[in-house]
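Participant: fold the following, please.
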Amino acid sequence: MPFIKPPYTITSDILTLLSNVSEKIGEINAVQLNRPPAELRKSNRIKTIQSSLSIEGNTMTEEQITALINNKRVLAPQKDILEVKNAIEVYDMLHHFKPFKIKSLLEAHKILMNGLILNAGKFRTGNVGIVKGSKITHVAPQGNMVNGLLSNLLDYVRYDEDPILIKSCVFHYEFEFIHPFADGNGRIGRLWQTLLLMNKHLVFEYLPVESIIKTEQNKYYEALNKSDRLGHSTPFIIFMLESILKALNSLYQIPNISLLEEDRIAIFKEAIGKKPFTRKDYLQYFKTISAATASRDLKSATEKGILNKIGDKRLSSYTFVQ
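Facilitator: Model prediction:
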């Protein structure tokens, strides 16, 4: 598939960061934190939503978002509440979206910006400049170029041979540069980078990289602006890989994380795929659990229709229902 590769240079700094991030992902996979326990997944998802919307000026706290998820009354501006409800819906649907399809991108934007702008789920048709204070800091490509530029960008991410960790950062920068929507570009760009990364590395589904970006918001915009001035995304790639590494480190440093049955089953499904396996295989993967716990996990998953079981007792083998 022919495409034009966006401009950037893989520097020694990027290679070092790439190595450190890959090593940390390996460590996280080794201790089965690639799918954190249910409570941690929930709190990290709330952090992600709160941080991404806060960058755009939303005032709601993590506590208020938690209350909203639990169907409790929240006192906040209606616009902020609607932004949060839309974000909760779109993040809950992450597995539904196809990361290389423009149709999916438009669908996600429609959900995220529903009730907030008139043309949710539609590319802008007019021209746009981004103003900071009294200065125009960025003039985006013309509206009639948006569809072609995004198609090329998604083809690059899909077919180029550079690591997805780099390509997802390039996508994030180029998406902000193209500025395809009248509003909501920042939050959808961050969402889509998550989608691209979790397609390859499961841990990114619940990794709150956005909370690092929020903490270093000035550096985030500086990296975008510097890349604009230089005409390539190298500075932004460095910033994003640094942010990803900090988020991975924060996950790895959480003490006393214990996985529940549903977490172990989900992690093992990711590891084993469609292949048949035995209780012994399951125990070899989760070295810290007892044989009795393994038996309970497999029995429960079979009863729930997650696993198919063939044979009895020690001769039993299992496959995941696809």
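Participant: in this structure Tyr173 contacts Leu230, no?
Facilitator: No - Tyr173 lies out of contact with Leu230 (CB atoms under 8 Å); the separation is 11.1 Å. C-beta coordinates here come from the backbone N, C-alpha and C atoms, glycine included.
Participant: now the helices for the stretch 51-200 of the chain?
Facilitator: For the stretch 51-200 of the chain, the helices defined by DSSP state H, counting those that start in this stretch cover 62-69, 78-92, 102-112, 146-159, 164-178, 185-198.
Participant: of all those helices, which lies closest to Phe320?
Facilitator: helix 185-198 (19.1 Å; CB to CB).
Participant: by contact count, what packs against that closest one?
Facilitator: helix 38-55, helix 78-92, helix 102-112, helix 164-178, helix 209-215 (3 or more CB pairs under 8 Å, 6 or more residues apart in numbering; DSSP states H and E).
Participant: buried ones in it, by neighbour count?
Facilitator: Within helix 185-198, the residues scored as buried using 16 or more other CB atoms under 10 Å are 185-198.
Participant: got the angle between that helix and helix 146-159?
Facilitator: Here the directions of helix 185-198 and helix 146-159 differ by 20 degrees (axes from the mean of the first three to the mean of the last three CA atoms, to 10 degrees).
Participant: show residues contacting helix 185-198.
Facilitator: Contacts of helix 185-198 with the rest of the structure, by CB atoms under 8 Å, 6 or more residues apart in numbering, involve 48, 52-53, 55-56, 87, 90-91, 94, 97, 99, 105, 108-109, 112, 157, 164-165, 167-169, 171-172, 175-176, 179, 181, 204-205, 207, 209-210, 213, 240.
Participant: hmm, 6 Å instead?
Facilitator: Applying CB atoms under 6 Å, 6 or more residues apart in numbering, the contact partners of helix 185-198 are 52, 56, 97, 99, 109, 168, 172, 175-176, 179, 204-205, 210.
Participant: what's the answer for stretch 53-72, then?
Facilitator: Ile46, Gln50, Val74, Ala76, Asp80, Glu83, Val84, Gly186, Arg187, Lys214, Gln217.
Participant: in contact with the fifth one, which residues?
Facilitator: Contacts were defined as CB under 6 Å, 6+ apart; by that measure Asp80 touches Asn58, Thr59, Met60.
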